[in-house]
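**Q** Return a 3D structure for these sequence lines:
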Amino acid sequence: MRRRRPARSTLVLRWAAVLGLLAIALAYVHPVRAYLHARDVVAARRVEVSKLEREKRALEGRLARASTDAFVLRQARRLGLVRPGERLYIVRGAKRAGLR
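**A** Now for the predicted structure:
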C-alpha cells in the first residue's frame, strides 16, 4: 500500500506553524537571558547587603564599647597620657625582663 503525500497547502501550513513557533522561541531568548542575569545580580547584592549588615552591627558594637569611660581611659594609658596630679614613671627594660 502506498502512502499518500499530504496536500501542498497542509505542508505550507505545517512549515508556517513550525517557523512561527521558532520565531516565538527566539523572541523569548533575550528576555529569559536578561531575567537570569538580573536574578544573579540580585543574589549577589543580597549577599553583599548581609555582609554589610554584619559589618554595621560589629561597628555599632565597637562604637558602644568606645564610648565607655573604661575604654577611653585604657586608650589614654596606651598613648602614655596621665591624669592631672599623677606622675608618669618610665621603666626601661621591662620587656627584656619579662615584666610586660
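
**Q** any idea of the mean pLDDT for the helix or strand containing residue 56?
**A** Assigned by DSSP states H and E, residue 56 belongs to helix 8-66. Mean per-residue pLDDT for helix 8-66: 95.

**Q** Touching the helix or strand that that helix is followed by from outside, list them.
**A** Heading C-terminal from helix 8-66, the first helix or strand you meet, by DSSP H and E, is helix 69-78. Helix 69-78 has contacts (CB atoms under 8 Å, 6 or more residues apart in numbering) with 65-66. To be clear about C-beta, it is placed using only N, CA and C from the backbone, and glycine gets the same treatment.

**Q** pLDDT on helix 69-78, on average?
**A** On average, helix 69-78 scores 89.

**Q** try stretch 93-100
**A** Computed over stretch 93-100, the average pLDDT equals 66.

**Q** Can I get stretch 57-69 as CSV, trimmed to CA atoms?
**A** C-alpha atoms of stretch 57-69 as CSV (Å, rounded to 0.1, in the frame of the first residue of the first chain):
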residue,chain,number,x,y,z
ARG,A,57,26.5,45.5,63.7
ALA,A,58,30.2,44.9,64.5
LEU,A,59,31.0,48.6,64.1
GLU,A,60,28.0,49.6,66.3
GLY,A,61,29.3,47.3,69.0
ARG,A,62,32.7,48.9,68.8
LEU,A,63,31.2,52.3,69.0
ALA,A,64,29.2,51.4,72.0
ARG,A,65,32.3,50.0,73.7
ALA,A,66,34.4,53.0,72.7
SER,A,67,32.0,55.4,74.3
THR,A,68,32.6,53.9,77.8
ASP,A,69,34.9,55.6,80.3
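
**Q** Pull out the buried positions in it.
**A** When neighbours are counted by 16 or more other CB atoms under 10 Å, no buried residue of stretch 57-69 is found.

**Q** Could you check how far it is from the centre of its chain?
**A** 24 Å (CA atoms, centre = their mean, to the nearest Å).

**Q** And for stretch 27-42?
**A** In terms of CA atoms, centre = their mean, the centre of stretch 27-42 is set 20 Å apart from its chain centre.

**Q** mind exporting it as PDB, just the C-alpha atoms?
**A** Provided in PDB are the C-alpha atoms of stretch 27-42 (Å, rounded to 0.1, in the frame of the first residue of the first chain):
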ATOM      1  CA  ALA A  27      11.800  36.200  20.800                       C
ATOM      2  CA  TYR A  28      11.900  34.800  24.300                       C
ATOM      3  CA  VAL A  29      15.700  34.200  24.400                       C
ATOM      4  CA  HIS A  30      16.800  37.700  25.200                       C
ATOM      5  CA  PRO A  31      14.200  38.300  28.000                       C
ATOM      6  CA  VAL A  32      15.000  35.000  29.600                       C
ATOM      7  CA  ARG A  33      18.700  35.700  29.500                       C
ATOM      8  CA  ALA A  34      18.100  39.200  30.900                       C
ATOM      9  CA  TYR A  35      16.000  37.700  33.700                       C
ATOM     10  CA  LEU A  36      18.600  35.100  34.600                       C
ATOM     11  CA  HIS A  37      21.300  37.800  34.700                       C
ATOM     12  CA  ALA A  38      19.200  40.100  36.900                       C
ATOM     13  CA  ARG A  39      18.400  37.200  39.200                       C
ATOM     14  CA  ASP A  40      22.200  36.500  39.600                       C
ATOM     15  CA  VAL A  41      22.800  40.200  40.300                       C
ATOM     16  CA  VAL A  42      20.100  40.300  42.900                       C
END
